[in-house]
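Student: Need coordinates for the following:
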Amino acid sequence: MSSTTRNLILILGDQLDEFATVLHRFDPTQDKIWMAEVMEESSHVTSSKQRTAFFLSAMRHFAALLKNKAWSVIYTELNDPQNTGSLARELEKAIQTYQPQALKMTAPGDYRVLQNLRSVAKQKQLPLVIEDDTHFFTTVREFSQHAKDRKQLRLEYFYRELRQKTGILMEGKKPVGGKWNFDSENRSSFGKNGPGFIPAPCQFAIDTTTQEVINLVNEKLALHPGTL
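Tutor: Numbers count the residues shown, from 1 in each chain. Next up, the predicted model:
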């Protein structure tokens, strides 16, 4: 198969937001969405079966939502016989097939992933446009500016700087409650009576998609013990 695509929009499993900035100018007649489930990302960090199943189920439900909008979605499932097992190699395959003029994505939260995808873009001589993740109050650039010329980095100081800048949890120039944090109190035990009232957890019925993912994760764990 060979076709020309204006933008290939890369969406990672922790970026499932149909209102993300990177999708604001999406044109279904010219652009395509790219998503991939790969063993590399499922096993890079040790994770429980429950978390892995939830993660993959969320990806599949999001892809279905986009397809319902008549958007073109290129999606590779974990159990696809042609799955190469890595994001970089799956992206290379998609580029070869759909020949995009450019790649776009929301800034990844994992630097390793960013470097891998940047490497593919450079190898294929394609521009990679990275949009800020608007789920955060800040950007990597702001942290870099904060960290510049500091001999020691402590998240607490950056946290305070952001609160002063945004006014969040602030009363004028002072923190709400008169303290910047309550870490010491939060480390204390609940005591003999426990934490008190705890609301019932939010639960959802397992649909067909989620059940398929649960079965898949159990199968993969049996074949590759210790990887998921």
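Student: Quick check: buried residues in whatever helix or strand Phe54 lives in?
Tutor: Taking DSSP states H and E as the criterion, Phe54 maps to helix 49-68. Across helix 49-68, burial judged by 16 or more other Cβ atoms under 10 Å covers 52-60, 62-63, 66. The C-beta positions use only the backbone N, C-alpha and C, and glycine is treated the same way.
Student: Any idea how many residues pack against the residue lying closest to Ile130 once chain neighbours are set aside?
Tutor: What sits nearest to Ile130 in space, not counting adjacent residues and going by Cβ to Cβ, 6 or more residues apart in numbering, is Ala107, at 5.2 Å. Counted with other Cβ atoms under 10 Å, residues neighbouring Ala107 total 16.
Student: For the chain, give me the ranges with low pLDDT.
Tutor: 1-3, 221-228 (pLDDT under 70).
Student: quick one, helices of it?
Tutor: For the chain, the helices defined by DSSP state H occupy 39-43, 49-68, 87-98, 111-123, 140-147, 155-166, 183-186, 208-223.
Student: I'd like those laid out as CSV, including distance to Asn7.
Tutor: Shown next, in CSV, are the helices of the chain (distance: least, Cβ to Cβ, whole Å):
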stretch, distance to Asn7
helix 39-43, 23
helix 49-68, 14
helix 87-98, 10
helix 111-123, 12
helix 140-147, 22
helix 155-166, 32
helix 183-186, 44
helix 208-223, 27
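Student: between those, which gets nearest to Phe19?
Tutor: Minimum separation from Phe19 across the helices of the chain (Cβ to Cβ) falls at helix 49-68, 11.7 Å.
Student: Give me the residues contacting the closest one.
Tutor: 11, 13-14, 16, 18, 33, 35, 37, 42, 47, 73, 75, 77-78, 209-210, 213-214, 216-218, 221, 228 (Cβ atoms under 8 Å, 6 or more residues apart in numbering).
Student: now swap in stretch 36-48 and tell me
Tutor: For stretch 36-48, the external contacting residues (Cβ under 8 Å, 6+ apart) are 13, 52, 55-56, 59, 75-78, 83-87, 90-91, 112-113, 220, 224, 227-228.
Student: Go through that stretch and flag the buried ones.
Tutor: Within stretch 36-48, the residues that qualify as buried are 36-43, 47, counting by 16+ other Cβ under 10 Å.
Student: Stretch 95-108 now?
Tutor: 95, 98, 100, 103-108.
Student: before we move on, back to that, looking at the buried residues of helix 49-68, which one is closest to Asn193?
Tutor: For those, the nearest to Asn193 is Phe54 (32.2 Å; Cβ to Cβ).
Student: How much space separates the closest one from Arg60?
Tutor: Distance of Phe54 to Arg60, given as Cβ to Cβ, to the nearest Å: 11 Å.
Student: what does Gln115 give?
Tutor: 27 Å.
Student: can you check Gln203 too?
Tutor: With Cβ to Cβ as the criterion, Gln203 and Arg60 are 19 Å apart.
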